[in-house]
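Q: Sequence first, predicted coordinates after that:
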Amino acid sequence: MLNAAREAHMTVEDTTCDTFMEDWLRRRALERTLEVLGEAARKVSAEFQSAHPDIDWRGLIRQRNVLAHEYGRIDHRLLFEAANDRLPLLITRLQGLLDQT
């Protein structure tokens, strides 16, 4: 999860939303890394998820399902905003969990 979150954030961190929207390669890269992130989240045990309710497990998994199965519903501007605004906190949280082990 941590690697996918980092890759997704790196896809958007040095660009604007408008530039991102014009770059189909970045859009596809972000889709794929978020899909991988959601798939990894889905494989985390229910017990671990319950022990860490500060992570939006359901949201990550739902996002993965939309990316994998409902292509027409993808809003790339929302993906950009999520990757730019929410992933840094998720990355910090996941790194903290790994540091505890």
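A: Structure's in. What do you need? As the structure is a prediction and not an experimental result, all values here were calculated from the model.
Q: Distance of the residue lying closest to W57 once chain neighbours are set aside relative to T15?
A: Of all residues not flanking W57 in the chain, Q49 sits nearest, at 4.6 Å (C-beta to C-beta, 6 or more residues apart in numbering). (C-beta placed from N, C-alpha, C; glycine too.) Separation of Q49 from T15 (C-beta to C-beta, to the nearest Å) stands at 32 Å.
Q: so which strand or helix has the residue nearest to W57?
A: Assignment of secondary structure by DSSP states H and E places Q49 within helix 46-51.
Q: Count the neighbours of I61 for me.
A: By the criterion of other C-beta atoms under 10 Å, I61 has 18 neighbours.
Q: And Q100, by the same measure?
A: 6.
Q: Next up, the contacts around it.
A: With contact set as C-beta atoms under 8 Å, 6 or more residues apart in numbering, Q100 has no partners.
Q: for this protein, what's the longest helix?
A: helix 24-42 (DSSP state H).
Q: picking up where we left off before, per-residue confidence, the residue nearest to W57, what does it come out as?
A: At Q49, the model reports a pLDDT of 97.
Q: Surely it and I55 touch.
A: Yes - counting by C-beta atoms under 8 Å, I55 is a contact partner of Q49 at 7.4 Å.
Q: Got the phi and psi for T16?
A: phi -90, psi 170 (degrees, to the nearest 10).
Q: With E22 instead?
A: Dihedral angles (degrees, to the nearest 10) for E22: phi -90, psi -10.
Q: so what's the residue nearest the centre of the chain up against?
A: Taking C-alpha atoms, centre = their mean, the centroid of the chain lies closest to L34, which sits 4.0 Å from it. Applying C-beta under 8 Å, 6+ apart to L34 gives the contacts 4, 8, 63-64, 67, 79, 82-83.
Q: Give me the buried stretch members for stretch 86-101, please.
A: 87, 90-91, 94 (16 or more other C-beta atoms under 10 Å).
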